[in-house]
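I need the structure of the sequence given here:
(2 chains)
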Protein chains: 2
Amino acid sequence: MRVYRSIRSLAKKVSEIKKRKKTIGLVPTMGFLHEGHASLIRKARKDTGCVIVSIFINPAQFGPGEDFKKYPRNLKKDLDLCEKEGADIIFVPEAREMYPDGYSTHVNVEGITEKLCGISRPGHFRGVTTVVTKLFNITMPDIAYFGQKDCQQAIVIKKMALDLNMDVDIKVMPVVRGKNGLAMSSRNVYLGEDERVQAASLYKALRLARRLFNQGERNSGKIISKMKQVISKEPAAKIDYIAIVDTKELKAIKKISGVALVAVAVRVGNTRLIDNVILN
Amino acid sequence: MRVYRSIRSLAKKVSEIKKRKKTIGLVPTMGFLHEGHASLIRKARKDTGCVIVSIFINPAQFGPGEDFKKYPRNLKKDLDLCEKEGADIIFVPEAREMYPDGYSTHVNVEGITEKLCGISRPGHFRGVTTVVTKLFNITMPDIAYFGQKDCQQAIVIKKMALDLNMDVDIKVMPVVRGKNGLAMSSRNVYLGEDERVQAASLYKALRLARRLFNQGERNSGKIISKMKQVISKEPAAKIDYIAIVDTKELKAIKKISGVALVAVAVRVGNTRLIDNVILN
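From the prediction side, this is the model:
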């Protein structure tokens, strides 16, 4: 396993790998890796000849009031996890390397980025699509891996790749959860002990949605209102949104007929958490 | 020479070419090809193993009141020119192939796209950078060729490729001119006989700028004012802008010290023409 910090040296390495006709799998991350990331690296290890993990806390995807500065970091532990899971190349650029002085180009997917998390995080997805475009151009992956926990991000990146004719396969891997159902997230480290217990209400509400759906309920309003009751019981929880939408345009569905995405965003104390399930 | 109309079939062909380790040269055009385009194709023919010419009148780079509908077309003649100049592949997609229903992703370079032509053509460069990104992703060129006549476009595309870490070399080839100095442009076909004579004033003014500079004049205001006199003599000419700017950020230069770009945009009758020279 080798660590690269400069774009130029990594790009040179990538061009050598391409010449040897090895397939490349990319796992883009912001570090502070957990079992969710590990599952992506393992899948990439299975699928491709060379696994590249990028670790970059992308300033462009954080809003002014957000947690960019305090976002958790532990490079030593991250490298250990990558090594253990069999990654070949780790890309750890500085912000200045990715966005040098005078940087001014952005990639933006319209429409679906303005819904769900896009409402309370304007500019977030533009930051994501821009950095992912850069990472794709630098690492030239055959396959790139993303987690279903960030369901809107996955949908946005698929749309970007489709619209811009990017020659990369986007694979989305299932949410990995802790014992109490809490979806793995680097931000879980912010949670106090009691908040962590309350944070389990997100998945509790999502399981309730699935149970209601399996029992035949198709009215989104009714499902959402019962989910709200579950989460509202927790004193530290403030709902940002609970939505039932289609998986393509992320438009609200009133009466569920095909596949539906149930997505929640909840602030537990100062920590914004997201989770989702798919109904079909 | 083979003509492709679908992205999928061309992408398949490109992947075969890449496997045979041939270098690819891309000449993106909107068709109605002239000697300017021919010079790009010839250069690509010299430099690379496979020359791809795209012919696509990109709706995304035309504003609401602009000439998208009446933009000149002559595919038969274009193919003859491409054949004669030794192009290998012609890509002629329909608008629907490039922008299918629900298309929603754009690439935008900020700052430099809001100056010069960006002022009277808002959104124009966003259309250009978006389609060029798509064409790069589809044809994976080692080198892409653009004309210096569209100097701001060339600067914007270079900035995009740099910012987004695109693995392509951008080559910009000199303006090709007719006998009276008029820069070759597909839009010249719009000009009546008398307008064509008046249109020569753009280059006349640019040559005057160069002469003044060579005589030691460094005051941009003085140069511009004398250029204005030349163009204003022509009754059908309406100046959009005459600017002396740096070649990186396109910021106005008051006193010329390093390299300077002298750029003009003039409406002659109903036809908007641009031209430029570099002083150094």
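
give me every residue in chain A lying close to chain B.
Within reach of chain B by CB under 8 Å from any CB of the partner chain, chain A has these residues: A:7, A:11, A:102-112, A:129-130, A:133-134, A:137-138, A:140, A:159-160, A:163-167, A:249. C-beta: built from backbone N, CA, C; applies to glycine.

so which of these belong to strands?
A:Thr105, A:His106, A:Val107, A:Asn108, A:Val109 (DSSP state E).

return the residues in contact with the closest residue to the fourth one other than its chain neighbours.
Using CB to CB, 6 or more residues apart in numbering or on different chains and skipping residues adjacent in sequence, the residue nearest A:Asn108 is A:Arg126, 4.7 Å away. A:Arg126 makes contacts with A:Ala60, A:Gln61, A:His106, A:Val107, A:Asn108, A:Thr113, as judged by CB atoms under 8 Å, 6 or more residues apart in numbering or on different chains.

need phi/psi at A:Arg126.
phi -60, psi -40 (degrees, to the nearest 10).

just to revisit the earlier point, most neighbours, which of the ones in strands among the residues of chain A next to chain B?
By neighbour count, taken as other CB atoms under 10 Å in any protein chain shown, the most surrounded of those turns out to be A:Val107 (26 neighbours).

show the pLDDT at that residue.
Looking at A:Val107, its pLDDT stands at 98.

who does it bridge with?
With DSSP bridges as the criterion, A:Val107 is bridged to B:Val107.

wait, doesn't it sit right on A:Leu164?
Yes - with contact defined as CB atoms under 8 Å, A:Val107 counts as touching A:Leu164 (7.4 Å).

between the two, what contacts are shared?
With contacts taken as CB under 8 Å, 6+ apart, A:Val107 and A:Leu164 have A:Thr133, B:Thr105, B:Val107 as neighbours in common.

burial count for the nearest residue in space to the second one that is not next to it in sequence?
Read that as B:Thr105. Take B:Thr105 and drop its neighbours on the chain: the residue closest to it by CB to CB, 6+ apart is A:Asp163, 3.6 Å away. Each residue near A:Asp163 was counted by other CB under 10 Å, and the total is 22.

please apply the same query to A:Pro28.
When counting by other CB under 10 Å, one arrives at 25 neighbours for A:Pro28.

spatially central residue for chain A, please.
Against the mean C-alpha coordinate of chain A, by CA atoms, centre = their mean, the closest residue is A:Asp150 at 3.5 Å.

wait, doesn't that one sit right on A:Asn276?
No - the pair A:Asp150 / A:Asn276 is not scored as a contact, 9.0 Å apart, by CB under 8 Å.

which one of the residues in the stretch 1-150 of chain A is closest to chain B?
Closest approach of the stretch 1-150 of chain A to chain B (CB to the nearest CB) occurs at A:Thr105, with a separation of 3.6 Å.

domains in chain A, by residue range?
Structurally, chain A divides into domains by automatic domain parsing as follows: A:2-173, A:186-275.

let me have those in TSV, extended by distance to B:Phe213.
Listed next are the domains of chain A as TSV, based on distance: least, CB to CB, whole Å:
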stretch	distance to B:Phe213
domain A:2-173	27
domain A:186-275	55
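
may I see the buried residues of stretch A:28-38?
Going by neighbour count (16 or more other CB atoms under 10 Å in any protein chain shown), the buried part of stretch A:28-38 is A:Pro28, A:Thr29, A:Met30, A:Gly31, A:Phe32, A:Leu33, A:His34, A:Gly36, A:His37, A:Ala38.

typo on my end, it should be stretch A:139-147
Neighbour-count burial for stretch A:139-147, counted by 16+ other CB under 10 Å, picks out A:Thr139, A:Met140, A:Pro141, A:Asp142, A:Ile143, A:Ala144, A:Tyr145, A:Phe146, A:Gly147.

check stretch A:201-217 too.
With burial defined by 16+ other CB under 10 Å, the residues of stretch A:201-217 counted as buried are A:Ser201, A:Leu202, A:Tyr203, A:Lys204, A:Ala205, A:Leu206, A:Leu208, A:Ala209, A:Leu212, A:Phe213.

now it: how far from the chain's centre is it?
In terms of CA atoms, centre = their mean, to the nearest Å, the centre of stretch A:201-217 is found 22 Å from the chain centre.

give me the contacts around that stretch.
Counting by CB under 8 Å, 6+ apart, the neighbours of stretch A:201-217 from elsewhere in the structure are A:177, A:180-183, A:222-223, A:226-228, A:230-231, A:233-234, A:237, A:242, A:244, A:256, A:260, A:262, A:264, A:266, A:273-277, A:279.

okay, the buried residues of stretch A:201-217 in TSV with distance to B:Ala95 and pLDDT next?
Putting those into TSV (distance: CB to CB, whole Å; pLDDT from 0 to 100) gives the following:
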residue	distance to B:Ala95	pLDDT
A:Ser201	49	98
A:Leu202	44	98
A:Tyr203	45	98
A:Lys204	49	98
A:Ala205	45	98
A:Leu206	42	98
A:Leu208	47	98
A:Ala209	41	98
A:Leu212	45	98
A:Phe213	41	98
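
related to what we said a few turns ago, out of the shared contacts of A:Val107 and A:Leu164, which one sits closest to B:Tyr190?
Set against B:Tyr190, the nearest of the shared contacts of A:Val107 and A:Leu164 by CB to CB is B:Val107 (29.2 Å).

ok so A:Pro235 is a strand residue?
No - assessed by DSSP: H, G, I helix; E, B strand; the rest coil, A:Pro235 does not belong to a strand; its assignment is coil.

contacts only, for it.
A:Gln198.

pLDDT score assigned to it?
You'll see A:Pro235 listed with a pLDDT of 98.

ditto for A:Thr48
For A:Thr48, the predicted pLDDT is 98.

then the one 3 residues further on?
As predicted, A:Val51 sits at a pLDDT of 98.

specify the beta-bridge partners of it.
Using DSSP bridges, the beta-bridge partners of A:Val51 come out as A:Gly25.

enumerate every residue touching it.
A:Ile24, A:Gly25, A:Val27, A:Ile41, A:Ala44, A:Arg45, A:Gly86, A:Ala87, A:Asp88, A:Ile89.

how about the buried residues of stretch A:139-147, which pair is most distant?
Of all pairs drawn from the buried residues of stretch A:139-147, the one with the largest separation by CB to CB is A:Met140 and A:Gly147; the distance is 21.6 Å.

quick check: which element contains A:Pro28?
Following DSSP states H and E, the helix or strand that holds A:Pro28 is strand A:24-29.

which other helices and strands contact the following helix or strand past that strand?
Tracing the chain past strand A:24-29, the next element assigned as helix or strand by DSSP H and E is helix A:35-47. If contacts are counted by 3 or more CB pairs under 8 Å, 6 or more residues apart in numbering or on different chains; DSSP states H and E, helix A:35-47 sits against strand A:24-29, strand A:50-55, helix A:75-85, strand A:143-147, strand A:169-173.

report the distance from the second one to the chain centre.
When you say that, I think you mean strand A:50-55. Centre to centre, stretch against its chain (CA atoms, centre = their mean), the figure for strand A:50-55 is 16 Å.

swap in the fourth one?
Between the centre of strand A:143-147 and the centre of its host chain there is 9 Å, according to CA atoms, centre = their mean.

one more: stretch A:242-253?
The chain centroid and the centroid of stretch A:242-253 are separated by 18 Å under CA atoms, centre = their mean.

output it as PDB, nothing but the C-alphas.
Written as PDB, here are the backbone C-alpha positions of stretch A:242-253 (Å, rounded to 0.1, in the frame of the first residue of the first chain):
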ATOM      1  CA  ILE A 242     -38.900  12.900   6.800                       C
ATOM      2  CA  ALA A 243     -39.700  12.200   3.100                       C
ATOM      3  CA  ILE A 244     -41.100   9.500   0.900                       C
ATOM      4  CA  VAL A 245     -39.900  10.100  -2.600                       C
ATOM      5  CA  ASP A 246     -39.200   8.300  -5.900                       C
ATOM      6  CA  THR A 247     -35.600   7.200  -6.400                       C
ATOM      7  CA  LYS A 248     -34.900   9.100  -9.600                       C
ATOM      8  CA  GLU A 249     -36.200  12.700  -9.300                       C
ATOM      9  CA  LEU A 250     -36.700  12.600  -5.500                       C
ATOM     10  CA  LYS A 251     -40.200  13.900  -5.900                       C
ATOM     11  CA  ALA A 252     -42.600  13.400  -3.000                       C
ATOM     12  CA  ILE A 253     -44.900  10.400  -3.500                       C
END
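
fine by me, we can end here.
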